[in-house]
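**Student:** Make a model of this:
(one chain, ligands or ions: 1)
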Amino acid sequence: MKITRIETFLLKAPLGEERFWSSQASFPERKSLLVRIDTDAGLSGWGEAGQYGPAEPVASQIHDVFAPMLLGEEARQPAVHWDLMYSRTRDFGAKGSTIEAISGLDIALWDLIGRFHEAPIWELLGGAFRRTVETYATGLYYRGPDPTDLAAGLTQLREEAARYREEGFSAVKAKIGLLPPRDDLERIAAIREAIGDDILLLADANHAYNTHVACTVARELERFRIYWFEEPVVPEDLEGYRRVRASTTIAIAGGECEHTRYGFVRWFAAHALDIAQPDPTAAGGFTELARICAAASAFHVQCLPHVWGSGVALAAGLQLLATIPPAPYTASPRAPYTEPLLEWDANPNPLRTEVLEEPIVPREGKVQVPDGPGLGIRIDERAVARYTVAQRCSE
Ligand SMILES: [Mg+2]
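**Tutor:** Residues are numbered from 1 along each chain as shown. Next up, the predicted model:
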């Protein structure tokens, strides 16, 4: 099954008044870079590449750097292609958009071999530990015309948090770090009050703090029974991570901006994390995520992949999550203490549902792992065309 064609689709969906903010940036639109690989067997595989920066440099690497390596080659060997793509770009790649490009191609190749063998990716990776996955709602961002307006934010957060409770989520994640810590703690207090005591609450600073501020915030967050504190400090500061982790009983999570096993193993060796969050579309696709999860387990770090993007990225996260062993094994598996949780981005994003013919949507906070071949999804190509603002093709 030879690779005959590689196509990328840059999808954009403007959010208008629904735009939202994290501590780092505003989100005026949702965007995704989808990858399709065609073969001489008539089968096509889909992937998604990158989440964080502009998609154009990622598309450029797919077409200008990697397509010449892949066109005409056998498709049924993603790990071989991964190693060649990584090794031949080591001198200028190894991180960032280069690995995002490799990730999108790798996901599309795994989707292809799944379609070739008529098996889901979870089966090709060794089997599913679970066929139903619990999700947590990622929401509770800064919204409205003035995202720093504390009073307006509290009203909006109470409503949003109550909605997640009604929808049956057992865990929700809130943003912190845009406002001064005292104001952010008021936001967390309002959310805890709205969701009650039974729902797990997670806090994500998107690396907004210095170590000493992060330690203070962690101590204050303990009052609200926060389960994990995500990205307290910048990802370069592993010593800062270690210090925050030593200062609190809250689990420390991070790694969504890290790439490959080479990047993650430094965090594990530094004892910087309780929970590692590699993103399948950014940290290296299925081939590399399986290795990152294996490395994490060797250091007794829980692996809960970061999931953000279109329905394709969500499907990739779901396939991977099915294959992650309980950590640790017990006779009574329970998310998130032993079982992994799937990140469900609850923010507005038409690309999450519309590009899939059967959208993946949680019911009572849970989603089913699909049985279908590859990623287990069918792409609605008319929806892809509707949102595509730039398209490139290599053949
Ligand atoms: Mg995060």
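**Student:** tell me the contacts of residue 278?
**Tutor:** By Cβ atoms under 8 Å, 6 or more residues apart in numbering, the contact list for residue 278 reads 255-256, 258, 264, 284, 289, 292-293, 303, 305-306. C-beta coordinates here come from the backbone N, C-alpha and C atoms, glycine included.
**Student:** Point out the residues in the chain that sit beside the ion.
**Tutor:** Within the chain, the positions lying close to the ion (Cβ under 5 Å from the ion) are 204, 230.
**Student:** ok and the residue in the chain nearest the ion?
**Tutor:** As assessed by Cβ to the ion, the ion sits closest to residue 204 within the chain, at 4.4 Å.
**Student:** Not counting sequence-adjacent ones, nearest residue to that residue?
**Tutor:** Spatial nearest neighbour of residue 204, excluding adjacent residues (Cβ to Cβ, 6 or more residues apart in numbering): residue 230 at 3.9 Å.
**Student:** beta partners of that neighbour?
**Tutor:** Taking DSSP bridges as the rule, residue 230 bridges to residue 204, residue 253.
**Student:** burial measure for residue 87, as a count.
**Tutor:** Close neighbours of residue 87, defined as other Cβ atoms under 10 Å, add up to 10.
**Student:** Quick check: the residue nearest the centre of the chain vs residue 198, distance?
**Tutor:** Nearest to the mean C-alpha position of the chain, by Cα atoms, centre = their mean, lies residue 307 at 2.0 Å. Distance, residue 307 to residue 198, by Cβ to Cβ, to the nearest Å: 24 Å.
**Student:** Enumerate every residue touching the nearest residue to residue 26 once chain neighbours are set aside.
**Tutor:** Nearest residue to residue 26, sequence neighbours excluded (Cβ to Cβ, 6+ apart): residue 19, at 5.9 Å. Taking Cβ under 8 Å, 6+ apart, we find residue 19 in contact with 26-29, 143.
**Student:** With secondary structure added, can I get the residues you listed in TSV?
**Tutor:** Formatted as TSV, the contacts of residue 19 follow (DSSP: H, G, I helix; E, B strand; the rest coil):
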residue	secondary structure
26	strand
27	strand
28	coil
29	strand
143	coil
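**Student:** what about the closest residue to residue 205 other than its chain neighbours, is that helix, strand or coil?
**Tutor:** Setting aside the residues directly before and after it, residue 205 is nearest to residue 177 in space (Cβ to Cβ, 6+ apart), at 3.9 Å. Under the three-state scheme (three-state DSSP), residue 177 adopts coil.
**Student:** wouldn't residue 177 be in contact with residue 213 here?
**Tutor:** No: judged on Cβ atoms under 8 Å, residue 177 makes no contact with residue 213 at a distance of 9.5 Å.
**Student:** still on that earlier bit, please name the residues that touch the residue nearest to residue 205.
**Tutor:** Residues counted as contacts of residue 177 (Cβ under 8 Å, 6+ apart) are 22-23, 184, 204-209.
**Student:** repeat that with 10 Å
**Tutor:** Counting by Cβ atoms under 10 Å, 6 or more residues apart in numbering, residue 177 makes contact with 22-24, 142, 184, 203-209, 213-214, 217, 231-232.
**Student:** Now the buried members of the residues you listed.
**Tutor:** The neighbour count (16 or more other Cβ atoms under 10 Å) marks 22-23, 142, 184, 203-209, 213-214, 217, 231-232 as buried among the contacts of residue 177.
**Student:** about what we covered before: so what's the closest residue to the residue nearest to the centre of the chain other than its chain neighbours scoring on pLDDT?
**Tutor:** Of all residues not flanking residue 307 in the chain, residue 317 sits nearest, at 3.6 Å (Cβ to Cβ, 6+ apart). Looking at residue 317, its pLDDT stands at 98.
**Student:** circling back: can you check the pLDDT for the residue nearest to residue 26?
**Tutor:** Residue 19 is assigned a predicted lDDT (pLDDT) of 97.
**Student:** Looking at the contacts of residue 19, point me to the pair that's furthest apart.
**Tutor:** Using Cβ to Cβ, the contacts of residue 19 span at most 15.0 Å, a distance reached by 29 and 143.
**Student:** Just want to know which of those two has more residues nearby.
**Tutor:** The neighbour comparison of residue 29 against residue 143 (other Cβ under 10 Å) goes to residue 143, with 20 against 15.
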